[in-house]
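> fold the stuff below for me.
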Amino acid sequence: MKTNITKIGAALLAIGLCLASPAAFAQTTTTVTTSNGAFTEYVPNSQTVVVKTETNSAPLRYTVTKQTTIVDEAGAPVAIERISPGSQLAVDYSGSGERLVASRIVVRKPVAVTAPVTTTVPVTTTAPAVSEKQTTTTTTTTTAPLTREEKHAVKEARKERKEAMKEEIERKKDALEKAKDKLEDDDD
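Residues are numbered from 1 along each chain as shown. Take a look at the predicted model:
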């Protein structure tokens, strides 16, 4: 009888483990979606990036966490504060509705817009007429805010220019004083 109870207990335990196993080892899957659009703003207090997409009339708000990676197309890290409005982004995110959590943001390089270069070339023919050919080129450059080192370098350059201007003014004052003294000596 003791052996039967042990066998029944072991069988019940095995059945219980089999029934509990799928729940214990169940895996959850997270769907990651990629959205493309133009960077609108970053809201630091709420850690939110706002992106205007072509497919959605309202801008989308993505929550940025410590796990969110922000890189350029080459994979180099980018500080979120350095992204300028209008920059094209590819945002990998999970969630839906109002709760979109960005897992990766790729900042795309701006595309330079060029037009033809303007040049004027006179052409002389056997007739007394002159024709001109004109073309135009325009290049658009996107600028980013200065870094701390760049700001310091600009400040130092201004300081040096200011000092040089003061020295030049002093030299001119001295030259005027000498010329004035010479005129006074010649009058005497």
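> per-residue confidence averaged over the helix ranked longest in the chain?
Longest helix in the chain, counting residues (DSSP state H): helix 148-187. Averaging pLDDT along helix 148-187 yields 86.
> which helices and strands does that helix pack with?
Helices and strands touching helix 148-187, by 3 or more C-beta pairs under 8 Å, 6 or more residues apart in numbering; DSSP states H and E: there are none. Yep, even glycine has a C-beta here, placed from its N, CA and C like the rest.
> what comes up buried for that helix?
By 16 or more other C-beta atoms under 10 Å, helix 148-187 has no buried positions at all.
> quickly list the domain ranges of this structure.
33-107, 146-188 (automatic domain parsing).
> longest single strand anywhere in the chain?
Longest strand in the chain by number of residues, with DSSP state E as the criterion: strand 60-72.
> for that one, packing partners?
Judged by 3+ C-beta pairs under 8 Å, 6+ apart, strand 60-72 is in contact with strand 33-43, strand 48-52, strand 88-96, strand 99-107.
> kindly reformat these as TSV and extend each row with mean pLDDT and mean neighbour count.
As requested, the helices and strands packed on strand 60-72 are exported to TSV (pLDDT from 0 to 100; neighbours: other C-beta atoms under 10 Å):
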stretch	mean pLDDT	mean neighbour count
strand 33-43	85	15
strand 48-52	89	20
strand 88-96	88	17
strand 99-107	90	19
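> can you redo those strands as TSV with distance to E160?
Putting those into TSV (distance: least, C-beta to C-beta, whole Å) gives the following:
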stretch	distance to E160
strand 33-43	35
strand 48-52	40
strand 88-96	39
strand 99-107	35
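> done for today, thanks.
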